[in-house]
Structures are given as C-alpha cells and as structure tokens.
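# Below are the sequence and a predicted model; questions follow.
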Amino acid sequence: MQMENENYESLPVYYQPFLPYRKTAKERIFMGGRETEPLNGLWHYAVDQYHTCLRSQWYLDRREDENGSRLPLDYSFDEWPEIQLPCCWNVAKPELFLYESAMIFTRTFLYQRRKSERTYLRIGAANYLCVVFINGKAAGLHEGGSTPFFMDVTDLLVDGDNRIILSVDASRAPEYVPMDNTDWFNYGGVYRDIELIRVPVHAVKDFRVSLVPGSDFGEIEVSAELTDTKDAEAVFEIPDLGIVSKFSLSQGRGSIRIKAKPELWNPGDPKLYDVKLTVFRTEDKDEIKHQTAGAAAQSAVDSCVEDGNALNTDQVLDEVSDRVGFREFAIKGRDFYLNGKKIFLKGISCHEDTDDHGKALTREDRVQVIKTAKELGCNYMRLAHYPHNEEMAKLADEMGLMLWEEIPVYWTIAFSNEDTYRNAENQLDELISRDYNRASVIIWSVGNENPDSDERYSFMSRLAEHARQADKTRKISAACLVSPDFTIKDRLAKSLDIIGINEYYGWYVPDFDYLTKLFRSSRPDRPVIVSEFGGGALYGHHGSSTEKFTEECQAEIYRKQVEVLGGTDYVKGMSPWILFDFRCPRRTSHIQGYYNRKGLVTSDRKHRKEAFYVLQEFYRSK
Ligand code: GCB
C-alpha cells in the first residue's frame, strides 16, 4: 500500500521516487505464533557503488525497446555470484570488508496465493537504507539499520515464480540515525531474517500484555490492534492461570484489565506464561456455536461469553500467541524496585558484534553473551547503541537478565533536522512495538553521549516524552555526559526517569580524583546508572597499572571505579564498557588493531582479562 508522499529531503535524490513507499512502525504485524515462509538462503548479489539499480531502474528488467529490439543490460541477476542471507557482507566476503555503499540482492521464489489472506514481507534488519522491489514494482523503502520492517506485498505477488530485489545501502551520512561518525563498525547487509508472513485480512498488528504498574501485582493489562478499523471481539487466555477474558475491539482497537496473581518474573526465577489472543468477528453473534481455541479453556470461555452468545472457529479473524513474564520495575526516590524489592542493577554493556559474523550473531553466540554476563555476576545488561536482534530480549526473558535497550541517537546527530527526528522516533516505535511484551526490558534509552545544545535538548526531550507515552511499564533513560564543571546536571535529566552517566576517569581523564569530586558535588534527585566506565587492555599484555592497555591498568581502573561507585548512595546501577572487545575503524594503534579493546573478554569470547574478575568479585559482594 502506498503512503502519502511526504516531504523528506534527507535522502539522496535517487531515493526520492521511492518515498511514497516508505515503511514505518505503522505497517507492523504482530509476529507471535505466526507461520512464516523464510526467504533466507542463497541470493545473487552485486556491488552497486553508484546506485545504478535505482537510477537506471534495473528492477524493471526491461530487456527490449518499444520496437522489440534487445537492449544491452548492465546486470544479469541470475549470473551474479551468490551469498547466504542473512549476513553482514563485510565478513561474509572478505573482499567487501570495507565496502560501505549499495549492494543489490536478488532471488526468485515460489508462491501460491491462498484465498482470504494477505501476505507481508518482513525484514528483521537491513543496514541502513533498503528499497524492496517485487516483480518489477517498488514494495517498500525503509530507513534505519537495526529495526524490523514490514510491507504488504499481496498485490505484487503472482502464483508461481516471483522475483525480489533488495537495494541495501550502508552509506553513512550526517542526517542519518546514527550519523556518519560512530565508535563501532558499520556492517552492511541484510543481517536478520527475511520472511513472508501470511495473515488473515483482519490481522492483529499489535498485542500487548503487561502487569499494570502500581496494581499491587494484581492486574494484567491486555491491548490489541488490528490492521484495519474493524469492530471485533477478542478472547485473551492464560491457560496456566485459568484466565479467559473477552473484550471488544472497536474500530480495530481494544483493551482490558484483568485481576490476576501471576508468579512474578525476576532474573533469578524467570517465570514465563503462554498467552493467547483470538479475535472473532462480531456479526451473526446470535447464531454462533461455541467451539473455541484450546479444549482446556473451553468451559471458561463459555462462562465469559454473555447470554449464551458463543464463538465459533469459523468466526475467527486471527489468532496470535506469545510467552510473557509479569514484573514491575519501579522507582521510589532514588531507588529501583523490582516486584517491590530494592535492587541494584549489576550490569555490563554489550555491542552486537562477533569476529566471524559481525552483527549476524547465531543463537549460540547470543546464548554465550548472556551466559558470560551471568558468569560475571550480572542481573542486567545494556544493549548498546542500537536495537539488537529481538532474540536477545527473548533469551533474556528465558534466562533471566534485565535489559536496557537503546536507539542509535549517538553523539552529535542532526538535532535540528525534522527528518532526523522523525526517523529516530520511528526507530523507537519499531523497537517498542517489537519488544513490548519482553519482561526483561526495563529501560528505553533515547540516546548516548549527546553534547548539550538547545536543538539536542528539544530533540531528546521530545523523544523521551514519546517513549513515555508509548509505554507506561518501563523507565526512560539516556547515557549523558558529565558537565564541564564535573557535575551531573544535564538539562535532559528532568525528562528522564533515570540519569545514565558515561564517565572515563582513569582512562580519558587519567586523574581519579575527579571521580570522587563528580559524585560528591552532584545532587541528582533521581537514580543514576553509570552507563559506561572502563579502559582498554590487550589480553595478555602485562605491565604496571599505570601503563595504558595493560590488563593491570584496566583492572586498576575497575578496582577504583567500583570502590567509588559502590560507595555513592544514588548510584543504583552500572554497565561498564564493555563485555567483549569489538571491531572499530577508529582504533588504529598497533595494540588496538582496529578493535576497541575495552572488553573484559576478547572478541573471540575465549579469554577473560584480569578486570573481569575484579568486577565479578564486586558483583558477588553486592
Ligand atoms: C563512549 C561511547 C562508546 C565508546 C566508548 C569508548 O563513551 O559511548 O560508544 O565506544 O566511549 O570506548 O570510548
């Protein structure tokens, strides 16, 4: 479906024809419990350094002129070499290691239309711009390299063979989010799943389940939204709690609050429940006979359907499910409470990066990330600086770890550019709608280390307010900078529930006395998380604790930091920088070797540095 053409000037001119096809969080489909047809696998690819596919309309695949004469072609889709998607091309093909412009991917696939359903294409993430063509027609344009996007492709698909072309552009630019300068590697590619999803005509696009904050852990809120404005009935079930509740969707939306006493989720005992939503049409209610989802729930459904009006599977519009935990993360004064108990967030920061796969981590890689954090003694992790794969939050739900999730509003992006704002807000919406049901996620971060200016203040306070309106069950934060007079007094703090502070005493500011000064001279009125501190060390490089990049120097920084932070009453959590060494083009010294070496563990995840054990000991004592 085409969107209204928008005024959107931040993209290069060859993207302009595709602006009407721009996809945002609005087009999403709720994914839990859906069958998908993966389009992962071998695709043909070609480097398209000059964006010729878009400029010269390769996607039309016009082989003859008006008179039927053959035209010379600059492409040959099926003769191009192959690559396995999803992947980051920089590591999948060593000759593309430093390539940062457009790449064309194409393949064909079989499709058979089934009556009364719509087919969506979902791409888990493509860095950074992606234009999708199906059978010669534009299907979607998406901006933002770490969030999923959807498009309804039903009317573009044909029975039999279909061609899909993706133009994926990893160029960097000052107006993008993130901008052209970051402290991590700019991997290009379609590096998360590509899949087709068949959904009913009136499908559930949003299904949110959470414990109501302040309800004495006794109320669950459920809300649902359809892809259109149909009136409908919905039945919500949690079989393990014997909950079956019916509510109405008016104009495609509805919600209900249900009294319940679920066992609460926490990192030590990450209890999850299967939940299910079935949406029924409202018409012909009187003649409907009851036979709904799940025999166990049947009698309960009976009792919740008024006046003998029953629900019939023929009347089912859509059915979705999820596995969710119930918890309350609250702030009182300068303290954090999880399910009513005071907690300290023992964390670590983490990038989405591996030597072999870049950002396209395998499930084993992700499990290893969480296990390593738990071995360190963490109950919490900061997923920096952009949305990681949604599997991370699912695993954190299952394995028991609280999360800070973030959008890439990093350093000095184009704060006065309205396009940049809309893009950042959309990435936030895509993230919130993707992970709303994850109990592990307790904090949305709207940015990292953004130097103060009026433009930055209005951009980020607007984002923080947007996040607060979008989600009442989580807290809002950002990783702020220390003020030049060595105090915590970022203007943004009043828009945040939690002040995140990045400080590098002992490293960029070698004098540790400033650390004590910072905490003594600041009087924040809300909890502080030290969202970053740390120092670099090359594993196996030993020397004195004053020699930079030795394990001893890094360990000493950690010793001094935890001593001061542990003794500061308003510091209620920390996520030092960082769990693993990670690739970084800015780090060119012979010791760094194009890696940021502030990891507590090497990038191959095999070796723990001395500082790992310093932090582990501190967390064990906490
Ligand atoms: C920071 C940034 C992080 C960098 C880190 C460093 O403050 O937030 O992205 O990688 O410092 O190593 O300098």
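Cool, the structure landed.

# Okay, the closest residue to Thr147 other than its chain neighbours and Met31: tell me how far apart.
The shortest distance from Thr147 to any residue other than its chain neighbours is 3.7 Å, reached at Glu430 (Cβ to Cβ, 6 or more residues apart in numbering). Yep, even glycine has a C-beta here, placed from its N, CA and C like the rest. With distances taken as Cβ to Cβ, to the nearest Å, Glu430 is found 13 Å from Met31.

# before we move on, what about Thr420?
For Thr420, the distance to Met31 - Cβ to Cβ - is 28 Å.

# Contact partners for the residue of the stretch 201-350 of the chain found nearest the ligand?
Nearest to the ligand in the stretch 201-350 of the chain, going by Cβ to the nearest ligand atom, is Ser349, at a distance of 8.1 Å. When contacts are counted by Cβ atoms under 8 Å, 6 or more residues apart in numbering, Ser349 touches 381-382, 384, 531-532, 575-579.

# The same query, at a cut-off of 10 Å, please.
381-385, 404, 406, 479, 502, 531-534, 574-580, 598-599 (Cβ atoms under 10 Å, 6 or more residues apart in numbering).

# Could you restrict the residues you listed to the ones contacting the ligand?
385, 502, 532, 577, 598 (Cβ under 6 Å from any ligand atom).

# quick one: which of these is most hemmed in?
Ranked by the number of neighbours (other Cβ atoms under 10 Å), the ones next to the ligand among the contacts of Ser349 place Lys598 first, at 29 neighbours.

# Phi, psi for Phe280 please.
When read as degrees, to the nearest 10, the backbone of Phe280 gives phi -120, psi 150.

# hang on, the residue nearest to Thr147 in a helix?
Yes - checked against DSSP: H, G, I helix; E, B strand; the rest coil, Glu430 lies within a helix.

# And the helices in the protein, which stretches?
Here the chain has its helices, by DSSP state H, at 52-55, 89-92, 298-304, 363-376, 390-399, 418-435, 454-470, 513-520, 551-566, 610-621.

# Tell me which of the ones you listed sits nearest to Ser69.
Nearest to Ser69, of all these, is helix 52-55, at 21.6 Å by Cβ to Cβ.

# What residues sit buried inside the closest one?
Buried residues in helix 52-55, counting neighbours by 16 or more other Cβ atoms under 10 Å, are found at 52-54.

# From those residues, pick the one nearest the ligand.
Closest to the ligand, out of all of the buried residues of helix 52-55 and judged by Cβ to the nearest ligand atom, is Leu54, at 31.9 Å.

# And the strands in the stretch 251-400 of the chain?
253-259, 273-281, 316-324, 329-332, 335-338, 341-343, 345-346, 349-350, 380-383 (DSSP state E, counting those that start in this stretch).

# Likewise for the stretch 401-550 of the chain?
For the stretch 401-550 of the chain, the strands defined by DSSP E, counting those that start in this stretch occupy 402-406, 441-448, 475-481, 498-502, 528-532.

# can these go into a markdown table with extra columns for mean pLDDT?
Below are the strands of the stretch 401-550 of the chain laid out as a markdown table (pLDDT from 0 to 100):
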| stretch | mean pLDDT |
| --- | --- |
| strand 402-406 | 99 |
| strand 441-448 | 98 |
| strand 475-481 | 98 |
| strand 498-502 | 98 |
| strand 528-532 | 98 |
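
# For the ligand, what's its nearest residue on this structure.
In the chain, the residue that lies nearest the ligand is Asp183 (3.6 Å; Cβ to the nearest ligand atom).

# How many residues are close by that residue?
Using other Cβ under 10 Å, Asp183 has 19 neighbouring residues.

# what sits against it?
Counted by Cβ under 10 Å, 6+ apart, Asp183 has contacts 351, 384-385, 410-411, 448-449, 577, 582, 584-587, 596, 598.

# ok, so what distance separates it from Tyr594?
The value you get for Asp183 to Tyr594, if Cβ to Cβ is used, is 12 Å.

# Flag every residue of the stretch 301-450 of the chain that's near the ligand.
By the rule Cβ under 6 Å from any ligand atom, the part of the stretch 301-450 of the chain lying against the ligand is 385, 448-449.

# Name the nearest of those residues relative to Ala126.
Nearest to Ala126, judged by Cβ to Cβ, of those is His385 at 18.0 Å.

# Most neighbours among the contacts of Asp183, please name it.
Counting neighbours by other Cβ under 10 Å, Lys598 comes out on top of those with 29 neighbours.
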